[in-house]
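>>> Predicted model and sequence below, questions to follow.
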Amino acid sequence: MKIPTLHIPDGFISAPVSLLFLVISGFFVFLALRGAKKQLDEKVAPLAGLAAVFIFAMQMINFPVAAGTSGHLIGGALAAILIGPWAGVLAVTVVLIVQALVFADGGLTAIGLNVFIMSVLATLGAWYLFRLFQKIFPKNRIGFLTATAIASYLSVPISALGFTFQFALGGTAAITLDKVLIAMVGVHSVIGIGEAIITVLTISAVLSVRKDLVFGASKLKVSLVR
């Protein structure tokens, strides 16, 4: 059995561990529902739906990495910076559920596993890294986009590490943990480059026309349009 992408199929992780992460993911989705109420206003709320549609579309487009391996946008960093971390968790979660139900992309019994690594870890991890790098880099457009690029890049191997942890707890495939770690982190460290490029281009485009719609820029007083 080969190592899957971040869309974990049915049966790859044991049922007890899958159930555990369904509960954990459900808890974070509950927190996201509460937190999103504070982050979404009349301007950002419609953008949340558009962000989910965009992430859904981009996740359906795969780009080659190496040796027959392909990758796609996770969208956690994009969602967090554009519409806020909690609203971002909800947007990516909706995308993952629709993909599992309609396109069988990721198993139904693995939905909690997938939501945890791609919605919770990628989105919240990217957000807190983004906020950290905002304190380090200059408070201008270049600094903002640099923080965006690094946070979005790191969110991908972070998700891969999350999968490796899940596999360590309940992997059913006859693959050693060290091989899973090397393969997942290695490949997704490359995939992260594509994630960073797509995220930066998208955020940059929105900044150029409507800075007020970018949640991550809401507290910055300097102009990021140019």
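Received it, and whenever you're ready, just let me know what you need.
>>> Excluding sequence neighbours, find me the nearest residue to the residue most central in space within the chain.
For the chain, the residue nearest the mean C-alpha position is G76 (2.5 Å; C-alpha atoms, centre = their mean). Using C-beta to C-beta, 6 or more residues apart in numbering and skipping the chain neighbours, the partner closest in space to G76 is A122 (3.0 Å). Where C-beta positions appear, they are placed from N, C-alpha and C, glycine not excepted.
>>> That neighbour - how many residues pack around it?
Counted with other C-beta atoms under 10 Å, residues neighbouring A122 total 31.
>>> Now do it against E195, distance only.
9 Å (C-beta to C-beta, to the nearest Å).
>>> Any chance you could list residues touching both of the two?
Common neighbours of A122 and E195, counting by C-beta atoms under 8 Å, 6 or more residues apart in numbering, are 74, 77, 155-156.
>>> what's the top helix by length along the chain packed up against?
Longest helix in the chain by number of residues (criterion: DSSP state H): helix 177-209. On a contact count with 3 or more C-beta pairs under 8 Å, 6 or more residues apart in numbering; DSSP states H and E, helix 177-209 meets strand 63-66, strand 69-71, helix 76-83, helix 141-170.
>>> roughly how far out does that helix sit from the chain middle?
What separates the centre of helix 177-209 from the centre of its chain is 9 Å, taken as C-alpha atoms, centre = their mean, to the nearest Å.
>>> I'd like the mean pLDDT over it, please.
Average pLDDT, helix 177-209: 87.
>>> May I see the buried residues of that helix?
180-181, 183-185, 187-188, 191-196, 198-200, 202-203, 206-207 (16 or more other C-beta atoms under 10 Å).
>>> and that helix with helix 141-170, angle?
Counting by axes from the mean of the first three to the mean of the last three C-alpha atoms, to 10 degrees, helix 177-209 lies at 150 degrees to helix 141-170.
>>> CA atoms only: put stretch 155-173 into CSV for me.
Extracted in CSV, the C-alpha atoms of stretch 155-173 (Å, rounded to 0.1, in the frame of the first residue of the first chain):
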residue,chain,number,x,y,z
SER,A,155,1.5,25.1,6.9
VAL,A,156,2.0,22.2,4.4
PRO,A,157,4.8,20.3,6.1
ILE,A,158,3.0,21.0,9.4
SER,A,159,0.0,19.2,8.0
ALA,A,160,2.2,16.4,6.8
LEU,A,161,3.6,16.0,10.3
GLY,A,162,0.1,15.9,11.6
PHE,A,163,-0.6,13.0,9.3
THR,A,164,2.6,11.2,10.4
PHE,A,165,1.4,11.6,14.0
GLN,A,166,-2.0,10.1,13.1
PHE,A,167,-0.2,7.2,11.3
ALA,A,168,2.0,6.6,14.4
LEU,A,169,-1.2,6.3,16.5
GLY,A,170,-3.1,4.0,14.3
GLY,A,171,-1.7,3.4,10.8
THR,A,172,-2.9,0.2,9.2
ALA,A,173,-0.4,0.0,6.3
